[in-house]
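Novice: Build me a model from this:
(chains A and B)
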Amino acid sequence: ETGVTQSPTHLIKTRGQQVTLRCSSQSGHNTVSWYQQALGQGPQFIFQYYREEENGRGNFPPRFSGLQFPNYSSELNVNALELDDSALYLCASSPSFQDYGYTFGSGTRLTVV
Amino acid sequence: EDQVTQSPEALRLQEGESSSLNCSYTVSGLRGLFWYRQDPGKGPEFLFTLYSAGEEKEKERLKATLTKKESFLHITAPKPEDSATYLCAVRDDKIIFGKGTRLHILP
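Specialist: All right, here's what the predicted structure looks like:
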């Protein structure tokens, strides 16, 4: 069992640029969700994918988008980066969208300057 | 509006001093309440899921309980390695996290 891995671990981008973050789900998990965690805050739900289809979304603008691939790995894309997008981005996977024993990765720390 | 409020924001205890963390919630239709532990620079680690009022779950020195409006995470005789941020989350049609309680256990 390999757990959830995220890449890169740290990233610095300039305002207005685009970024892609990657996540490999735990083996056997077909559901993946993404969260944004600002310093000192709890994670905020961005969206969730189940078997390559988005099946839930939080209050984030359309410039936050995602993909889930047939091997259940996932990407989070953010366009037109803003300074407030600086945060820890967490990916979590689960054996099914009805099972919320989610396993989290260690996150990608994104800094927008 | 769905909300999750955790208290206290921070808690310092002596080793062996038992205490409880609170998570109060307002959701239209609770479909699960979750407790996670988060160490600095790491992702949250799943601890418990509770689904209905009256339910209790235990793991080592931790015990989680649930009522219709709140959940408690009881920590019995904590050790320094229990120091972490404890996060509560609820699910209705999406998952909502609280801001967490930063727990520090002094040796």
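
Novice: For the most centrally placed residue in chain A, give the beta-bridge partners.
Specialist: The residue at the geometric middle of chain A, judged as the C-alpha nearest the mean C-alpha position with C-alpha atoms, centre = their mean, is residue A:34 (3.2 Å). Per DSSP bridges, the residues bridged to residue A:34 are residue A:47, residue A:91.

Novice: I'd like the distance between it and residue A:19.
Specialist: Here the distance between residue A:34 and residue A:19 works out to 13 Å (C-beta to C-beta, to the nearest Å). To be clear about C-beta, it is placed using only N, CA and C from the backbone, and glycine gets the same treatment.

Novice: low-confidence ranges in chain A?
Specialist: Filtered on pLDDT under 70, chain A yields the residue ranges A:1-2, A:97-100.

Novice: three-state assignment of residue A:84?
Specialist: Assigned by DSSP: H, G, I helix; E, B strand; the rest coil, the conformation of residue A:84 is helix.

Novice: who are the neighbours in contact with it?
Specialist: In this structure, residue A:84 makes contact with residue A:112, judged by C-beta atoms under 8 Å, 6 or more residues apart in numbering or on different chains.

Novice: Repeat the analysis, applying 7 Å as the threshold.
Specialist: Residues near residue A:84 by C-beta atoms under 7 Å, 6 or more residues apart in numbering or on different chains: none.

Novice: Pull up the gap between residue A:39 and residue A:109, please.
Specialist: From residue A:39 to residue A:109 the distance is 10 Å (C-beta to C-beta).

Novice: cool, and residue B:53?
Specialist: 38 Å.

Novice: same check, this time on residue B:102
Specialist: Counting by C-beta to C-beta, the gap from residue B:102 to residue A:109 is 19 Å.

Novice: in the chain, which spans are strands?
Specialist: The chain I'm using is chain A. Under the criterion DSSP state E, strands of chain A are mapped to A:5-7, A:10-13, A:19-24, A:31-37, A:44-50, A:53-57, A:64-68, A:74-78, A:87-94, A:103-104, A:108-112.

Novice: Chain B was what I was after
Specialist: Taking DSSP E as the criterion, chain B carries its strands at B:3-7, B:10-14, B:19-26, B:33-38, B:45-50, B:56-59, B:62-66, B:70-75, B:84-91, B:95-97, B:101-106.
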